[in-house]
Structures are given as C-alpha cells and as structure tokens.
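[1] Task: produce atomic coordinates for the following.
(one chain, ligands or ions: 1)
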Amino acid sequence: MNFISILMGSKSDYEIMKHCADTFEKFNVKYELVVSSAHRSPERTKNYIKEAEEKGAVAFIAAAGMAAHLAGAVAATTTKPVIGVPMKGGAMDGMDAMLSTVQMPAGMPVGTVALGRSGAVNAAYLAMQILAITDKELSTKLKEDRIVQSKKVESDSKDVEVIL
Ligand SMILES: Nc1c(C(=O)O)ncn1[C@@H]1O[C@H](COP(=O)(O)O)[C@@H](O)[C@H]1O
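    Alright, predicted model coming up:
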C-alpha cells in the first residue's frame with residue numbers, strides 16, 4: 001500500500017499541518033500522521049520510520065518548529081524523499097526552524113517548503129507529485145487542479161478588475 005507519512009514534532013504543530021492532511025483528503029491520497037520528535041522521542045521516531053517504510057511509505061513529510069531537527073533526523077534514517085515543513089512560532093517566529101530544516105549537508109537532502117499554511121499545503125502537493133510519477137490517475141487530478149487554479153484567478157479578477 002503506497003502512502004505518504006507525516007511526522008510532527010509536537011501536537012502543537014497540528015493546527016498548521018491539518019492543512020497538509022486536508023489536501024491529501026481532497027485528492028483521496030492515503031497518508032499517515034503521527035507526533036514523534038527527534039529530540040523528545042528519538043527511539044519512537046527511528047522505529048516509526050522503519051515500520052512506515054515496511055508498510056509502503058513512499059515519502060516522508062516532517063514538520064517541526066524552533067530547533068527543527070526532525071526532518072534532518074528523518075532524512076538520516078531513510079533514503080525515501082523527505083519534505084520538511086518549518087513551523088512558525090518561538091522567539092524567532094520560524095526563521096530558526098526554516099534554517100534548521102533547509103541547511104542540510106550535501107548528500108542528505110530535505111526538500112524544504114515555506115512557513116505556515118502554504119508550506120503545509122505545498123508539502124502535500126510535492127508529495128503527490130512524487131506519487132504521480134507512477135500514478136496516472138493522480139497525475140490527471142493534479143493537471144485538472146492546475147486548470148481549476150487558473151480559472152479561479154480569472155474569476156477573482158472579474159470580481160475586482162478595472163480594464164480600459
Ligand atoms: N523541533 C522539534 C522537535 C525535533 O526537531 O525533534 N521536536 C519538537 N520540536 C518542536 O518544538 C516546538 C514546540 O513544541 P511544544 O509546543 O510541544 O513545546 C514544536 O514546533 C515542535 O515541532
């Protein structure tokens with residue numbers, strides 16, 4: 001069973017990461033979502049990744065704030081693609097999480113998305129694009145979604161536009 005695994009460093013990350021899960025729901029894509037911390041529960045994190053791989057996880061999404069080492073720790077444990085979602089909050093409001101997630105050493109990549117809701121949604125899109133390489137139906141859905149997005153821009157413009 002192919003699916004995407006989402007790890008969050010804390011339950012407090014769920015408010016944002018719910019948008020990632022909702023995006024998978026919208027496209028009917030299977031995902032798992034767990035709280036596990038590289039700092040607070042290193043053994044649980046390591047064991048979970050192994051189990052998820054055995055069950056068919058195709059890629060991992062790791063969301064964490066502050067000293068956000070979770071995505072890097074996931075990347076160190078698997079050779080599946082890892083997408084990091086830095087969380088806002090703390091004294092630096094996410095800049096710390098963003099740099100800790102993105103600044104990985106060569107050979108150990110974490111594909112890092114933006115802070116906040118856009119990042120959570122884009123993590124799901126990026127993971128679905130990975131799945132869509134071998135899933136034609138999902139690939140078609142993603143292409144249709146682009147058309148919907150494009151049409152929305154046109155209709156949003158019509159609501160406010162002034163054209164001479
Ligand atoms: N950065 C990490 C890791 C980790 O990297 O292993 N574990 C938890 N955290 C983050 O700490 C922040 C505060 O967590 P709490 O709200 O639980 O105190 C969260 O954004 C979490 O992802």
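[2] just checking, residue 34 is part of a helix?
    No - read with DSSP: H, G, I helix; E, B strand; the rest coil, residue 34 is strand and lies in no helix.
[3] show me what contacts it?
    Shown in contact with residue 34 (CB atoms under 8 Å, 6 or more residues apart in numbering): 5, 6, 7, 8, 48. Heads up, the C-betas are built off the backbone N, CA and C, glycines and all.
[4] quick one: the last one and residue 7 touch, right?
    Yes - with contact defined as CB atoms under 8 Å, residue 48 counts as touching residue 7 (7.2 Å).
[5] The two - which one has more neighbours?
    residue 7 (29 against 21; other CB atoms under 10 Å).
[6] Return the set of buried residues in the helix or strand hosting residue 22.
    For residue 22, the host element (DSSP states H and E) is helix 14-26. Of all the residues in helix 14-26, those buried under the rule 16 or more other CB atoms under 10 Å are 16, 17, 19, 20, 21, 23, 24.
[7] center of this structure, which residue is that?
    Centroid check for the chain by CA atoms, centre = their mean gives residue 123 as the closest residue, at 2.9 Å.
[8] Help me confirm that it is found in a strand?
    No - Residue 123 is assigned helix when assessed by three-state DSSP, not a strand.
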